[in-house]
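*Asks:* Structure of the sequence below:
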Amino acid sequence: MSDTLLLLSGRIHTLGSDPRPVEALAIRAGRIAAVGSNDEARRAVDSPSRTIDLAGKSVLPSFSDSLGRLHYEAMARIHVDLSRESSIPETFAVVERFAKALPRDNWIVGYGWNKWHWGWKRFPHRADLDLVSPHHPVFLLSSDGRVAWLNSAAIDLLGIGHDTPNPPGGEVERDRATHAATGILKESAVEIFSRHLPTPSPSKLENAFQMVAKEYFRKGVTFVQSHSAAEEFAVLKSLDDRNALNLRVLVHAPGAMLESFLKEGWKSGRRFNRLEMGGSWLAIDGTLASQTAWMTEPYVDDWNNLGVQRVGKDDLETWVEKWSQWEVPPVLHASGDAACRLSLGVFSELCGRSERLRPLLVNGDLLSPGDLASVLESGVDVAVNPRRIESEHDVGFHYLGKRWNRGLELKGWVRNGARLQFGSGEPLSRWSPLVALQVAVAATAGREPLTLEEALRAACRRWSPLEGASDPRLSPGEPADLVILSEDPAEVPKERIGGIEVLATVLDGEVVYEKEETLQA
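*Replies:* Just a heads-up that it's a prediction; the model follows:
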């Protein structure tokens, strides 16, 4: 950690009560020592370890990823990352390359495919994979993590037959004529069968987490919240105990594993060094792209499909009792309007029982501002990826028709008291917090834009199970987590915000990422 750091002659947005930028900032022992003029910053530290002349460049509190998927990203780096492939031939080429390199019968596990990137509206079939990998079992997870695509060898090895039932909250997709498995697993079926995949060693997971941290730093992100499996949390805790965890991480316990986590000493809000214990993660439904978001009306292309309700109302009432008793706030994933309304009802009941618990809604694609206003007058914390307004425009209209016009109404949510947080919820290779900012402040697809201040706060905001959403500020005494940008988002046209470069990222006063030859001493 740098003892002292001076940033001079810049446009520093503190996100405090005064919206005007200041020109300088001083850091001592990992915390902000002073903000203001160049002279005020210089007086705050003697003989700084490093001085950076910003030359008019912009500084903000560092960004957050409130929809992070650390396990997903780590596994993509250990196995096969398909998130950059934009066509089916490219995807096949990657799988075939691994099939030629690995001994026969070894698993090929991949992450990040998206049929919409290929221009496909249908899901792929196991026969498609058999063409490029007939002798290796293949298990490929979609970019939203809700669908797995298997070849015939994997289906046989996992024992998926004609009589294999659909698990609650999931589906083993079958051919309507033959009833044979097509190779597509959805929702809880993915989780059940993925337990049979090879498990990486703790050392491999550690190395993968460090690689993911470096990618976050290049994007200006220092805080990530993610849900975790037991072995993943153990690795993160081991890194944190050795002061080797290079991100601030808030980990949510999967609902199905919450009791075992509690027996091991889980306590919401407990902080170690950079690791914090969060809430109880529970998926109410799936996602729009996987046609598993739970809807009140069927999908336009399939009038027999209302999506997947993963948790029943009776089960949720039991969960409310547990969350209240154990003082663990729920973090509920809900995309479809039916799932959003059920989640808000749960939040309302839970908040009526405990003022300490601050629930969080994740995604909220069809969250209605009217529902927000009528159910939770005090507001609700919502984690969302604004980029999907653009990236899933065609998906939304294909599956929902005109209903998609009311999807992701960010301004309506804010107007009705929601505290927004931005996050990825998609592979990091395709996500950028600055692109999210651009989409949020633009009048995209007819939606009312956020103000730049609203969007900036959402991009930097952090959530805590006992405090709810809070706004990091660059003010004296606060942790020195910040990002240096090539241009000021407040000074460039809105359509150029996504192209602003991250020049440096600072965590606890230490420059953890710096683009080569861009900052002057």
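
*Asks:* Low-confidence regions, the chain specifically.
*Replies:* Within the chain, the stretches with pLDDT under 70 are 1-2, 375-379, 517-518, 520-521.

*Asks:* Just give me the residue closest to the centre of it.
*Replies:* Central residue of the chain (Cα atoms, centre = their mean): Leu67, 2.0 Å from the mean position.

*Asks:* Grab the nearest non-local neighbour of it.
*Replies:* Gly423 (2.9 Å; Cβ to Cβ, 6 or more residues apart in numbering). The C-beta positions use only the backbone N, C-alpha and C, and glycine is treated the same way.

*Asks:* pretty sure Ala189 contacts Pro168?
*Replies:* No. Counting by Cβ atoms under 8 Å, Pro168 is not a contact partner of Ala189; they are 9.9 Å apart.

*Asks:* Looking at these two, which one has more neighbours?
*Replies:* For Ala189 versus Pro168, neighbours defined as other Cβ atoms under 10 Å are more numerous around Ala189 (24 against 14).

*Asks:* Surely that one forms part of a helix?
*Replies:* Yes. Counting by DSSP: H, G, I helix; E, B strand; the rest coil, Ala189 is located in a helix.

*Asks:* so what's it up against?
*Replies:* Residues near Ala189 by Cβ atoms under 8 Å, 6 or more residues apart in numbering: 148, 166-167, 170-172.

*Asks:* Quick check: the nearest residue to it once chain neighbours are set aside vs Trp266, distance?
*Replies:* The shortest distance from Ala189 to any non-neighbouring residue, by Cβ to Cβ, 6+ apart, is to Gly170 (3.6 Å). Distance of Gly170 to Trp266, computed by Cβ to Cβ, to the nearest Å: 26 Å.

*Asks:* do the same with Ala289
*Replies:* From Ala289 across to Trp266, the span is 32 Å (Cβ to Cβ).

*Asks:* Between those two, point out the one with more neighbours.
*Replies:* Shown here are Ala289 and Trp266; by other Cβ under 10 Å, Ala289 has more neighbours (23 against 20).

*Asks:* ok so, going back, the residue nearest to Leu67: how many residues sit nearby?
*Replies:* Neighbours of Gly423 (other Cβ under 10 Å): 29.

*Asks:* Surely it touches Ala383?
*Replies:* Yes. Counting by Cβ under 8 Å, Ala383 is a contact partner of Gly423 at 5.2 Å.

*Asks:* Overlap of the contact sets of the two?
*Replies:* Listed contacts common to Gly423 and Ala383 are 66-67, 225; contacts here mean Cβ under 8 Å, 6+ apart.

*Asks:* Would you mind giving those residues as JSON lines with distance to Glu259 added?
*Replies:* Listed next are the shared contacts of Gly423 and Ala383 as JSON lines, based on distance: Cβ to Cβ, whole Å:
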{"residue": "Ser66", "distance to Glu259": "26"}
{"residue": "Leu67", "distance to Glu259": "25"}
{"residue": "Gln225", "distance to Glu259": "21"}
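
*Asks:* Nearest to Leu456, out of these: which one, please.
*Replies:* Leu456 has its nearest neighbour among the shared contacts of Gly423 and Ala383 in Ser66, at 14.3 Å by Cβ to Cβ.

*Asks:* Give the burial count for that closest one, as a bare number.
*Replies:* 29.

*Asks:* looking at it, it is touching Val221, isn't it?
*Replies:* No. Using Cβ under 8 Å, Ser66 is not in contact with Val221, being 10.3 Å away.

*Asks:* ok, which stretches of the stretch 1-150 of the chain are helices?
*Replies:* With helices called from DSSP state H, counting those that start in this stretch, the stretch 1-150 of the chain shows them at 38-44, 70-78, 88-101, 115-118, 126-130.

*Asks:* let me redo that: the stretch 201-350 of the chain
*Replies:* Along the stretch 201-350 of the chain, counting by DSSP H, counting those that start in this stretch, helices occupy 202-218, 230-241, 258-263, 313-326, 337-353.

*Asks:* Packing partners of the second one?
*Replies:* Using 3 or more Cβ pairs under 8 Å, 6 or more residues apart in numbering; DSSP states H and E as the contact test, the elements touching helix 230-241 are helix 70-78, helix 202-218, strand 248-254, helix 258-263, strand 275-283.

*Asks:* Any chance of the ones you listed in TSV with mean neighbour count and distance to Val311 as columns?
*Replies:* What follows is those, written out as TSV (neighbours: other Cβ atoms under 10 Å; distance: least, Cβ to Cβ, whole Å):
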stretch	mean neighbour count	distance to Val311
helix 70-78	22	21
helix 202-218	18	29
strand 248-254	24	12
helix 258-263	15	13
strand 275-283	24	6
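
*Asks:* Now render those as a markdown table, adding distance to Glu40.
*Replies:* Formatted as a markdown table, the helices and strands packed on helix 230-241 follow (distance: least, Cβ to Cβ, whole Å):
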| stretch | distance to Glu40 |
| --- | --- |
| helix 70-78 | 39 |
| helix 202-218 | 28 |
| strand 248-254 | 28 |
| helix 258-263 | 46 |
| strand 275-283 | 33 |
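
*Asks:* which stretch among those comes nearest Pro427?
*Replies:* helix 70-78 (7.2 Å).

*Asks:* Need the residues that contact that closest one.
*Replies:* Residues from elsewhere that reach helix 70-78, judged by Cβ under 8 Å, 6+ apart: 83, 109-112, 141, 145, 200, 204-205, 208-209, 211-212, 215, 224, 226, 228-229, 232, 236, 249, 427-428.

*Asks:* give me that answer again for 7 Å
*Replies:* Helix 70-78 is contacted from outside by 83, 111-112, 145, 200, 204-205, 208-209, 211-212, 224, 226, 228-229, 232, 428, using Cβ atoms under 7 Å, 6 or more residues apart in numbering.

*Asks:* circling back: for Pro89, find the nearest of the helices of the stretch 201-350 of the chain.
*Replies:* Nearest to Pro89, of the helices of the stretch 201-350 of the chain and by Cβ to Cβ, is helix 202-218 at 26.1 Å.

*Asks:* Against Ser133, how distant is Phe98?
*Replies:* Taking Cβ to Cβ as the measure, Phe98 falls 8 Å from Ser133.
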